[in-house]
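>>> What follows is a protein structure lacking sequence information:
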């Protein structure tokens, strides 16, 4: 890898008071060659081969106003992304989450998945992060090859702009299983968060995206992403990931948060009577979630009244766990200016930047 990037002490983000951190910005390559140039010779002829989403969004996946006249997709011009999204919205840090179409947990060939992850990481550190010091990076790994993924985390994780490790929402087995723990050990060691982002649910070798099976349409698939996250979160907590790695920070992106109060109440209630099945848990399951897990705001929950949304924020402890995300430049992204509904000032500060600063251990030298 080539590590030429730093977060300068007097960067635009650190020389002024921080007011907004965006947890989900999708940059992408304009041509596959930008990635395949970093593949080893044995895979160069294959190019990028990844399971694709079978559920069609009739409106496409991008904000139509950001698609150029020549068809160039938004997110490919990183200088333009910085000027039109970071500058115009006064965003101090923006987490680049890449193009989730890779679906590295749903690829059957583990070795190819590792090399595809490595190629993406090379592109990230060489061609993306140097463009703007406000960009933060998400490493890609291949969850089916956890030992090799841990090596990737240690190889690239010392880049100061790299702040998290991205894994897909869908997988063959839940993420709490010990087979994945080498990745978590490496992430904790490198002071990186683990982040889950949707798209592989129901693709390739991953399981059906809902407990009821495969949905019929995109509206079903998109609505039920939170259900998949419930399964992953229950596994991570009850298998004892945060007991083994107490300093590991974890984020769930783009899966909603309105379900979280019910989930924590139900898990705590069951733990009271069934704790013998998870004797390694030293405190209520919800406490591990409050201590170690964050949730991205997009898509923002939209109950019938603002008061109901504030009740959700209170019940889920949003002042501790919710971070703002725009999902730029996707079709259902939340605008940084008006995307957040009214909330108490202290909660709004926590959501706009304080929680993200803790999640990614960002510099506070304002």
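Nice, thanks for sending it over. None of these values were measured; they are calculated from a predicted model.
>>> shaky segments in the stretch 251-366 of the chain?
In the predicted model, the stretch 251-366 of the chain carries pLDDT under 70 at residues 365-366.
>>> do that again at 80, thanks
Applying pLDDT under 80 to the stretch 251-366 of the chain flags the ranges 364-366.
>>> now the strands: where do they sit in it?
Counting by DSSP state E, counting those that start in this stretch, the stretch 251-366 of the chain has strands at residues 293-296, 322-323.
>>> got JSON lines for those strands, with mean neighbour count and distance to residue 185 too?
For every residue, glycine as well, the C-beta is placed using N, CA and C. What follows is the strands of the stretch 251-366 of the chain, written out as JSON lines (neighbours: other CB atoms under 10 Å; distance: least, CB to CB, whole Å):
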{"stretch": "strand 293-296", "mean neighbour count": "25", "distance to residue 185": "18"}
{"stretch": "strand 322-323", "mean neighbour count": "28", "distance to residue 185": "24"}
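>>> Next, format these as a markdown table and append distance to residue 214.
As requested, these are arranged in a markdown table below (distance: least, CB to CB, whole Å):
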| stretch | distance to residue 214 |
| --- | --- |
| strand 293-296 | 25 |
| strand 322-323 | 30 |
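>>> mind checking which of the ones you listed is nearest residue 268?
Judged by CB to CB, the one of these that comes nearest to residue 268 is strand 293-296, at 14.4 Å.
>>> Just name whatever secondary elements the closest one is in contact with.
In this structure, strand 293-296 makes packing contacts with strand 250-252, helix 318-321, strand 322-323, helix 355-359, judged by 3 or more CB pairs under 8 Å, 6 or more residues apart in numbering; DSSP states H and E.
>>> looking at those, which is closest to residue 216?
The nearest among these, by CB to CB, is strand 250-252 at 25.1 Å.
>>> Other residues contacting that closest one?
The contact list for strand 250-252, computed with CB atoms under 8 Å, 6 or more residues apart in numbering, reads 23, 164, 193-196, 229, 232-233, 236, 242, 292-296, 323, 359.
>>> of the helices and strands packed on strand 293-296, which approaches residue 133 most closely?
Taking the helices and strands packed on strand 293-296 one by one with CB to CB, helix 355-359 is closest: 16.1 Å.
>>> any idea which element the nearest residue to residue 288 once chain neighbours are set aside lies in?
Once flanking residues are discounted, residue 288 sits nearest to residue 242: 4.4 Å by CB to CB, 6 or more residues apart in numbering. Using DSSP states H and E, residue 242 maps to helix 241-244.
>>> Just give the number of residues close to residue 242.
Neighbour count for residue 242, taken as other CB atoms under 10 Å: 25.
>>> dump the residue contacts of it.
Contact analysis of residue 242 by CB under 8 Å, 6+ apart lists 236, 248, 250, 288, 291, 292.
>>> And residue 249, by the same measure?
By CB under 8 Å, 6+ apart, the contact list for residue 249 reads 193, 194, 292, 293, 294, 358, 359, 360, 361.
>>> who wins for neighbours among those residues?
residue 194 (26 neighbours).
>>> Help me confirm that that residue is found in a strand?
Yes. Assessed by DSSP: H, G, I helix; E, B strand; the rest coil, residue 194 belongs to a strand.
>>> Show me what it is bridged to.
residue 165, residue 250 (DSSP bridges).
>>> May I have the residues that are in contact with it?
The contact partners of residue 194, by CB under 8 Å, 6+ apart, come to 164, 165, 167, 183, 184, 187, 248, 249, 250, 251.
>>> Out of the contacts of residue 249, flag the one nearest to residue 50.
The shortest approach to residue 50 among these belongs to residue 194, at 20.8 Å (CB to CB).
>>> how much space is there between the residue of the chain most remote from its centre and residue 291?
The outermost residue of the chain relative to its centre, with distances by CA atoms, centre = their mean, is residue 273 at 33.1 Å. Here residue 273 is placed at a distance of 23 Å from residue 291 (CB to CB, to the nearest Å).
>>> and the residue lying closest to residue 254 once chain neighbours are set aside, how many neighbours does it have?
Excluding the flanking residues, the one nearest residue 254 by CB to CB, 6+ apart is residue 198, at 5.5 Å. Residue 198 is flanked by 20 other residues according to other CB under 10 Å.
>>> Is residue 198 in contact with residue 227, as I believe?
No. Counting by CB atoms under 8 Å, residue 198 stays clear of residue 227, with 11.0 Å between them.
>>> Give the buried subset of the contacts of residue 242 as a PyMOL selection command.
A single PyMOL command selects the buried members of those (16 or more other CB atoms under 10 Å):
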select buried, resi 236+248+250+288+292
